[in-house]
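Trainee: This is a predicted model, with the sequence first.
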There are 2 protein chains.
Amino acid sequence: MSDAHAAPKTDAAAHAARNILARLYAPITAELAQVEAMYRAELTSDDPYIANLLAYVEDYSGKKLRPALLLLAGKACGRITRDHIVLGVVAEMLHTATLVHDDILDDALLRRKRTSINALAGNEVSVLLGDHIFSHAFELSLDAGTPVGAREFSRAMARTCFGEIMQVHNRNHFELSEAKYLQIIEGKTAELYATSAMLGAHYAGADEKTARAFYDYGMNLGRAFQIMDDLLDLLGEEALVGKTLGSDIEKGKPTLPLIRHLQVAAPAAREAAMDAAKGGRRDELLRLLHETESFKYSAARAAGFVAQAKKGLELLPPGELRDLLFEIADFVLSREL
Amino acid sequence: MSDAHAAPKTDAAAHAARNILARLYAPITAELAQVEAMYRAELTSDDPYIANLLAYVEDYSGKKLRPALLLLAGKACGRITRDHIVLGVVAEMLHTATLVHDDILDDALLRRKRTSINALAGNEVSVLLGDHIFSHAFELSLDAGTPVGAREFSRAMARTCFGEIMQVHNRNHFELSEAKYLQIIEGKTAELYATSAMLGAHYAGADEKTARAFYDYGMNLGRAFQIMDDLLDLLGEEALVGKTLGSDIEKGKPTLPLIRHLQVAAPAAREAAMDAAKGGRRDELLRLLHETESFKYSAARAAGFVAQAKKGLELLPPGELRDLLFEIADFVLSREL
């Protein structure tokens, strides 16, 4: 679910990010266009009301990181097949469905600077539209030549929901352990990356060890991505975020910088941070978290996962594709800090 | 989703209904127990919080009509296999997931006389828990020997959501055509019955024509079931429903008796009914609908669908199983009127 909560970007920064992605996705430009075309073709209905709703949420699709990982893993391990295209669409549809349901969870009014689907059509329609997209994605996954993709994606979605339920269950529980925090983000964010990368390798004929390495690559990438997302949410871009607290903290979501601070700070500084968080005093909270180097620690954790991600892919032969997969991992760290 | 909205039963009536079902399900008692055991085994989690939530919604499972249809169709067409058990569990899990999400739609406080999951754990957890059960059901469906069950159930769920979205979209639109009303109930209720019955026949080795006949049987049963549900919602059991309007009308759901009345009544009686519906004046509304014989018409429509259901199964050899399938169809009409 992950990039759901990214801080808003300036137009210039968004433009720069798009340029970087265009370069990273260069070897799969044609295949990603096929994924995009099939994605749009699948998200339709004979009924004009539902067709309109589906067309609206099509634009929830952003960086297409999940299908891109699936395709790049495929290219790195052999040949991209029609199964890759189909499962790339499935990955993006599942992601879209989670975003539609996330809007309900977040009571979001905006999504990618447009009115969110729940604000537009109500929570009831959002629940059902998300269910509809889920079901359709599962149906489509059966079009792959073997049921591996269907099985792995349904398993991944169950884990994703698990992570999200854990997150809701731990709302306002800022003293969460780091292990539990990691379990949550592994589910809600990293699992779908991991499964996408693994399936890309598998459907290109990779052996089990290589497919597993791609799973771990996606998992580590996802962990790093979500930690950076959490950092961005707190630090954000001053001009846009303004003087309010990060939206995660406001919603009671425990994120790594605060979790770390509460682990290492002296009792007085712990209490001060809890008070600042609950009272919505951003400047004070940031100052306290800086004092315990909790942002630095979080960024280092993300960097550690990126290093692990890259290390795991060293079993691939050196070359352009491996370099790109390394760069994508590095890209996760460069996001807008 | 259907029996979601049945009027509450008295204990004696519920007891009588259970006795009838026990007799109708007699040839599949052992297999239904296997379905029940597997259903309970599947609805668990290593995490105690989620395990508790799942144990709680297990009891949403009521008459087990969907797995029963699947098993009876299997027995009528040949032999019940492990695939039937697995897919019976899938049918019930999908139904449970839709009920969890229905509670959000209905803002229900009670479900089967207990606190509903959304009242207990909040809408966010309900959305995610429903998604979790959906994903898990799809994963389980892949355990069948062929992917036919997975494909048909995912297709059925997409159609179910479609019907529900149409229902929400037509809220307070009481002048709905009867054709549109049928399209809604075919989706939201009948599709899952039809698919369950069809898969039962298919996995027992039935030819396509027979499987199709079972699909139509389930579809007609579902249509009749939902029409009777709508009738019960309005007429209900006076002692329990009291002087309030049926909950469907209160929620703006157009149901057949009112739809029919608005089609055939003179302008003044149409307007009076709309006023009574909007003003929540039950006695007046019932009187007006009786005057145009709209209840009688609706009951006759349900009886017509039951007759079609039975007619379609005449291709089966005469015998105990066919008789039971006929009786189940008749049972739909006998519910508590």
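Mentor: Cool, got the structure. Numbering: from 1, shown residues only, chains lettered A, B, ... in the order given.
Trainee: and A:Ala266, how many neighbours does it have?
Mentor: 10 (other C-beta atoms under 10 Å in any protein chain shown). For glycine as for every other residue, the C-beta is placed from the backbone atoms N, C-alpha and C.
Trainee: separation between it and chain B?
Mentor: 32 Å (C-beta to the nearest C-beta, to the nearest Å).
Trainee: What confidence value was assigned to that residue?
Mentor: On the pLDDT scale, A:Ala266 is placed at 96.
Trainee: swap in the one 10 residues further on?
Mentor: According to the predicted model, the pLDDT of A:Ala276 comes to 90.
Trainee: Then A:Gly236?
Mentor: A:Gly236 is given a pLDDT of 73.
Trainee: how about the residues of the stretch 101-250 of chain A near chain B?
Mentor: A:101, A:104-105, A:122-125, A:127-132, A:134-136, A:138-139, A:142, A:147, A:150-151, A:154-155, A:157-158, A:160-162, A:164-166, A:168-169 (C-beta under 8 Å from any C-beta of the partner chain).
Trainee: buried subset of these?
Mentor: A:101, A:104-105, A:122-125, A:127-132, A:134-136, A:138-139, A:142, A:147, A:150-151, A:154-155, A:157-158, A:160-162, A:164-166, A:168-169 (16 or more other C-beta atoms under 10 Å in any protein chain shown).
Trainee: for the longest helix along chain A, the distance to its chain's centre please.
Mentor: Using DSSP state H to define each element, chain A has its longest helix at helix A:208-235. With C-alpha atoms, centre = their mean, to the nearest Å as the basis, helix A:208-235 stands 8 Å off its chain's centre.
Trainee: which residues of the stretch 101-250 of chain A fall in helices?
Mentor: Assigned by DSSP state H, counting those that start in this stretch, the stretch 101-250 of chain A shows helices spanning A:117-121, A:123-141, A:148-169, A:178-185, A:191-202, A:208-235, A:238-241, A:247-250.
Trainee: Show the low-confidence segments of chain A, by residue range.
Mentor: A:1-10, A:105-114, A:237-246, A:335-337 (pLDDT under 70).
Trainee: ok, now with 80
Mentor: Applying pLDDT under 80 to chain A flags residues A:1-18, A:59-62, A:103-122, A:236-251, A:335-337.
Trainee: Return the set of buried residues in the longest helix of chain A.
Mentor: Of the residues in helix A:208-235, those buried (16+ other C-beta under 10 Å) are A:210-235.
Trainee: Check the gap between the residue nearest to A:Ala190 when sequence neighbours are not counted and A:Phe295 for me.
Mentor: Counting by C-beta to C-beta, 6 or more residues apart in numbering or on different chains, A:Gly222 is the residue found nearest to A:Ala190 once chain neighbours are left out, at 2.6 Å. A:Gly222 sits 20 Å away from A:Phe295 when distances are taken as C-beta to C-beta, to the nearest Å.
Trainee: Also A:Ile165?
Mentor: 28 Å.
Trainee: Also A:Gln226?
Mentor: Taking C-beta to C-beta, one finds A:Gln226 at 15 Å from A:Phe295.
Trainee: Check A:Arg79 too.
Mentor: Note on A:Arg79: its distance to A:Phe295, by C-beta to C-beta, is 43 Å.
Trainee: what's the answer for A:Asp248, then?
Mentor: On the measure of C-beta to C-beta, A:Asp248 and A:Phe295 end up 14 Å apart.
Trainee: shared neighbours, the two?
Mentor: Shared contacts of A:Asp248 and A:Phe295 (C-beta atoms under 8 Å, 6 or more residues apart in numbering or on different chains): A:Leu234.
Trainee: More neighbours: which of A:Arg79 and A:Phe295?
Mentor: Neighbours per residue (other C-beta under 10 Å) separate A:Arg79 from A:Phe295, with A:Phe295 holding more: 19 against 10.
Trainee: what's near enough to touch the more buried one?
Mentor: Neighbours of A:Phe295 in contact, by C-beta under 8 Å, 6+ apart: A:Leu231, A:Leu234, A:Leu235, A:Pro257, A:Leu289.
Trainee: rerun at 7 Å
Mentor: A:Leu231, A:Leu235, A:Pro257, A:Leu289 (C-beta atoms under 7 Å, 6 or more residues apart in numbering or on different chains).
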